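Trainee: coords below, sequence missing:
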C-alpha cells in the first residue's frame, strides 16, 4: 500500500452524513467487506474527503491548474468549458512580454527605495473572473455572470451523481478543463490518498479507475514514447488493453522527503518504494508517465546509484532486446512518487519489436552506459542531485564555488530586474565545488502548486515556467510550506508610499520567488551578470549539458 495516512482533509467530515456520498455512482459498486477494521470505506472518506459548498458562478477547477482531488456532484449543476481558447477570455492569466531595451536601462534609476511595493492598480480582476473572499467559503475565483458565459461560449453540463477531475488526480497532471457552478452546488472532494487507498482495497473500484484512465489517457501516454509513436491504431488498441497502470510512493512526497532528510541523506534510498529489483525476471517493460525513479545496483550491503528515469523513459528495453530470458539489470525505486505503465513482454514481442527499425537504440538509463566507471566526484554529485531531488528542476541554479568570487553581481542583477527585490538567495546545499542555490527550480513536478486556494501559483502551459500571479496571492503560505527546497519566500509588502500593509494586527504577506526574468531579453539576469561564468541555470533532464558543464568545473 503506497498511500500513507495524512492529516484529515477536513475534520468536520466526521460529523457529516456520509449516506449521500456513498450513494454516488463512484462508490456504488465498492464492496465494504474488502476493507479491514480501522480502514473501512467510511474511515477513508473521513480521512481523505470533504463536502464542499459552491455558490453560483464559483470556478471549481481551472484548466492548467494542478490538483490532487476528484469531485463527485451531490447537488446542483456545473458546466465544463469545452473550448480551451475561450478559457483565456474567462480566466485569463497575465501575459509576459519582453521589455524594450530602453525600459530595462531606465530601471537602473527607477528602482524604488522600499522593498516589495504593491500598487493599487494590481486589482484582483481579469477576464470575466473575480476573486471572492469570505470566511465561510474561503478564497476562490468566480464568474459574476455565468449566464453570459453559458450563452456566449460552448459548455457541457455536469449533473448530480457525475464525477470529474479523475485523470488529473490519477495521472498527477494539470487540470484539462475549467469547471464552474451553474447553480449553488454541493460537491464531494476526495484527495489522491483516499482514491488510491480505495483502489488498493477494492478490485471493482480499481477496474473502474483503470478503465477510465485507459479510455482517456493511457493511449496518449504511450504515444508520447518514441517506441510507440508510429504504431497503427489497431496495435495501439491492443497495447492499451494489455498495459497496466501502477503508482509507487507518496503523492505528498515533500512530507516524507523532509522526514527522510532529517534521518540523514545517506539512508534516503532505503525508504524509497521498490518498483522492480535487480535480477528479478523481466515480464514487463516499464514506461514512466510521471515522476522520477532511481536506477541503482547492489554495492556491498547497500546500493550504488547509477542514474534516474523520468517521464517517457523506459526500463527493461535493452534487456528485452539483448537477452533470451531477460532479467532486470537494475533496481528501480520511486524518488518520492512515480507512475509507470507496465507493458507485457509478450505483447511487446508480438506487436512492437517486429516493427522496430534495425538502427533503433534504447536511450541509456545510467550516466555511464557502457563507458568507464564514474569517478569519486561524479558519483558524489549524482548521489547529491538525486538524494536531494534536484533532478526535479528544469532551471536549477548551479554555482561553481571555485569560480565564484562572491561579488554578488548575480543578486544585484536580479534585484535590478525586480524593482529592488531579489528573488533568490545566494546560498544553498553544496557538494564538492557545486552549490545549488535557493532559487525556484521550475520543477517538472511542482508540488508547490498543490493546495493553492486561488490558483495564484501556476505553471504556464507553453513556457513551462512556474509563476505567481500577485493579484491572486492571498499570502496563505501553502506554496512555501509545500516547496521541499525552501525556494519560496513569504515577504511583508508595502503600499506605494512605503507603508507596511497589515491584515488586522498581522503584517500582510505575499509569496515571492524566481520567475526566470520573463520580460527581460537574453534570459535570467543572474546568469547573464556572472563575469566568471560560475553560475548557470540548467534543466537537470538534459544529462549531456549537465555532464559537460560539470566536466569543465
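Mentor: All right, it came through fine. Small disclaimer: the values here were computed from a predicted structure and weren't measured. Numbering: from 1, shown residues only.
Trainee: any weak-confidence spans in the protein?
Mentor: Flagging of the chain using pLDDT under 70 yields the residue ranges 1-7, 85, 87-140, 171-172, 214-215, 251-252, 265-267, 369-371, 461-463, 553.
Trainee: would you mark the buried spots in the longest strand anywhere in it?
Mentor: Criterion DSSP state E: the longest strand present in the chain is strand 284-299. Within strand 284-299, the residues that qualify as buried are 284-296, counting by 16 or more other Cβ atoms under 10 Å. C-beta coordinates here come from the backbone N, C-alpha and C atoms, glycine included.
Trainee: name the SS class of residue 546, please.
Mentor: Taking DSSP: H, G, I helix; E, B strand; the rest coil as the rule, one finds residue 546 in the helix state.
Trainee: for residue 67, what are its contacts?
Mentor: The contact partners of residue 67, taken as Cβ atoms under 8 Å, 6 or more residues apart in numbering, are 61, 165, 168-169, 175, 450.
Trainee: strand partners (parallel or antiparallel) of the longest strand of the chain?
Mentor: Within its sheet, and counting by DSSP bridges, strand 284-299 is paired with strand 302-309 (antiparallel), strand 314-315 (antiparallel), strand 331-344 (antiparallel).
Trainee: roughly how far does residue 292 sit from residue 272?
Mentor: Relative to residue 272, residue 292 is positioned 10 Å away (Cβ to Cβ, to the nearest Å).
Trainee: next, show the common contact partners of those two.
Mentor: Here residue 292 and residue 272 share the contacting residues 334-335, scored by Cβ under 8 Å, 6+ apart.
Trainee: could the buried residues of strand 284-299 be laid out in a markdown table, adding distance to residue 244?
Mentor: Output for the buried residues of strand 284-299, formatted as a markdown table (distance: Cβ to Cβ, whole Å):
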| residue | distance to residue 244 |
| --- | --- |
| 284 | 8 |
| 285 | 11 |
| 286 | 10 |
| 287 | 11 |
| 288 | 14 |
| 289 | 12 |
| 290 | 15 |
| 291 | 16 |
| 292 | 20 |
| 293 | 16 |
| 294 | 21 |
| 295 | 21 |
| 296 | 23 |
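Trainee: just to revisit the earlier point, can you tell me which of the contacts of residue 67 is nearest residue 357?
Mentor: Set against residue 357, the nearest of the contacts of residue 67 by Cβ to Cβ is residue 168 (35.4 Å).
Trainee: just checking, which of the contacts of residue 67 belong to strands?
Mentor: Members of the contacts of residue 67 lying in strands (criterion: DSSP E): residue 61.
Trainee: got the strands paired with strand 284-299 as a markdown table, with distance to residue 278 and mean neighbour count columns?
Mentor: A markdown table is the format used below for these (distance: least, Cβ to Cβ, whole Å; neighbours: other Cβ atoms under 10 Å):
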| stretch | distance to residue 278 | mean neighbour count |
| --- | --- | --- |
| strand 302-309 | 8 | 20 |
| strand 314-315 | 11 | 22 |
| strand 331-344 | 4 | 24 |
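Trainee: quick one: which of those is nearest residue 366?
Mentor: The closest of those to residue 366 is strand 302-309. By Cβ to Cβ, the value is 3.9 Å.
Trainee: skipping its backbone neighbours, what lies nearest the residue nearest the centre of the chain in space?
Mentor: The centroid of the chain falls nearest to residue 445 when counting by Cα atoms, centre = their mean (2.9 Å). Take residue 445 and drop its neighbours on the chain: the residue closest to it by Cβ to Cβ, 6 or more residues apart in numbering is residue 392, 5.6 Å away.
Trainee: ok, residue 490 next?
Mentor: residue 509 (4.5 Å).
Trainee: what is the neighbour count of that neighbour?
Mentor: 20 (other Cβ atoms under 10 Å).
Trainee: please begin residue numbering at 859 from this point
Mentor: In the new numbering, first residue 859, that becomes residue 1367.
Trainee: what's near enough to touch it?
Mentor: 1333, 1335, 1348-1351.
Trainee: and residue 867, by the same measure?
Mentor: 905-908, 1047, 1049, 1052.
Trainee: pull the most distant pair out of these.
Mentor: In the contacts of residue 867, two members sit farther apart than any others by Cβ to Cβ. They are 905 and 1047, at 13.0 Å.
Trainee: which of the contacts of residue 1367 lies closest to residue 1289?
Mentor: So of these, ranked by how close each gets to residue 1289 (Cβ to Cβ), first place is residue 1348, at 28.1 Å.
Trainee: quick one: strands adjacent to the helix or strand that contains that closest one?
Mentor: Per DSSP states H and E: residue 1348 is located in strand 1347-1350. Using DSSP bridges, strand 1347-1350 pairs in its sheet with strand 1367-1370 (antiparallel).
Trainee: residue 1139 against residue 1185, yeah?
Mentor: Yes. Using Cβ atoms under 8 Å, residue 1139 makes contact with residue 1185 at a distance of 5.7 Å.
Trainee: can you report how many residues neighbour residue 1021?
Mentor: If we define neighbours as other Cβ under 10 Å, then residue 1021 has 18 of them.
Trainee: residue contacts, the nearest residue to residue 1341 once chain neighbours are set aside?
Mentor: Leaving out its chain neighbours, the residue that sits closest to residue 1341 by Cβ to Cβ, 6+ apart is residue 1306, at 4.7 Å. By Cβ under 8 Å, 6+ apart, the residues touching residue 1306 are 1315, 1324, 1337-1338, 1340-1341, 1346.
Trainee: repeat for residue 1344
Mentor: With contact set as Cβ under 8 Å, 6+ apart, residue 1344 has these partners: residue 1296.
Trainee: torsion angles phi and psi at it?
Mentor: Backbone geometry at residue 1344, expressed as degrees, to the nearest 10, gives phi 60, psi 40.
Trainee: that one and residue 1251, how far apart?
Mentor: To residue 1251, residue 1344 is 13 Å away according to Cβ to Cβ.
Trainee: and residue 1401, by the same measure?
Mentor: Distance from residue 1401 to residue 1251, by Cβ to Cβ: 13 Å.
Trainee: who's more crowded, these two?
Mentor: The neighbour count for residue 1401 versus residue 1251, taken as other Cβ under 10 Å, is higher for residue 1251 (26 against 16).
Trainee: mind listing the residues bridging to the more buried one?
Mentor: residue 1301.
Trainee: could you list every helix and strand in contact with the stretch of helix or strand residue 902 belongs to?
Mentor: Using DSSP H and E, residue 902 sits in helix 899-906. When contacts are defined as 3 or more Cβ pairs under 8 Å, 6 or more residues apart in numbering; DSSP states H and E, helix 899-906 packs onto helix 877-880, strand 1043-1049, helix 1050-1059.
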